[in-house]
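1. Take a look and give me a structure for this.
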Amino acid sequence: MQCPSCDSKKQMKSEVIVHKFKESGLDNIILNGVKQYRCLECGEVLFDYGNLNQLNTLIADTLLRKKELLTGQEIRFLRTHIGYSSEMFAKILGLDKTSLSRIENNRSKVSNQVNMAVRLAVAGKMADRNYDFHDLIIALENEDLISFKQAQFKASTKGSWQLLAG
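-> Numbers count the residues shown, from 1 in each chain. Model (predicted):
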């Protein structure tokens, strides 16, 4: 791969790394097996995330199955993953846009009711539609979900992703 920034004719140096996926807007997502490219001329760094849509869907699925309350960052990630504006998502949740903004920016606490409403709204819009609302509610009540402070995902050789540890 050649550098798109400086148009160097030299190939960029590549290596497989463990990467904190801050580009997702989440602080607690670690990716194992990301290919990083570095230009030896200008220092530009690029990442190859493989199947990014599948990765984002896996992160969303993991967040929906999280035992703890969702954080504001996680709510924003889920909202944008399913393609809703903040105004539309606030209406769906029965909130005003300012309240949702406060929640997403961690200036307001996420209540149990907002947590549940977000999970149900997002689960209903997930592309695979393999969520049963009743099962999700029962899992939340029985605490039959995954607990994590940090989620790790591993890249396969074909560019797809799997949950490594949560």
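
2. Spell out for me which residue occupies the centre of the protein.
-> Centroid-nearest residue in the chain: Ile59, 4.3 Å away (criterion: Cα atoms, centre = their mean).

3. C-terminal to the one helix or strand that one maps to, what's the next element?
-> Using DSSP states H and E, Ile59 falls within helix 52-64. Once helix 52-64 ends, the next helix or strand along the chain (criterion: DSSP H and E) is helix 72-81.

4. all helices of this structure, in order?
-> For the chain, the helices defined by DSSP state H cover 52-64, 72-81, 86-93, 97-104, 112-125, 133-141.

5. Buried deepest among those helices, which one?
-> Among those, the stretch with the highest mean neighbour count (mean count of other Cβ atoms under 10 Å) is helix 72-81, at a mean of 21. For glycine as for every other residue, the C-beta is placed from the backbone atoms N, C-alpha and C.

6. on that earlier part again, how about the helices of the chain, which one is nearest Phe153?
-> Across the helices of the chain, Phe153 has its closest neighbour in helix 52-64 (6.5 Å, Cβ to Cβ).
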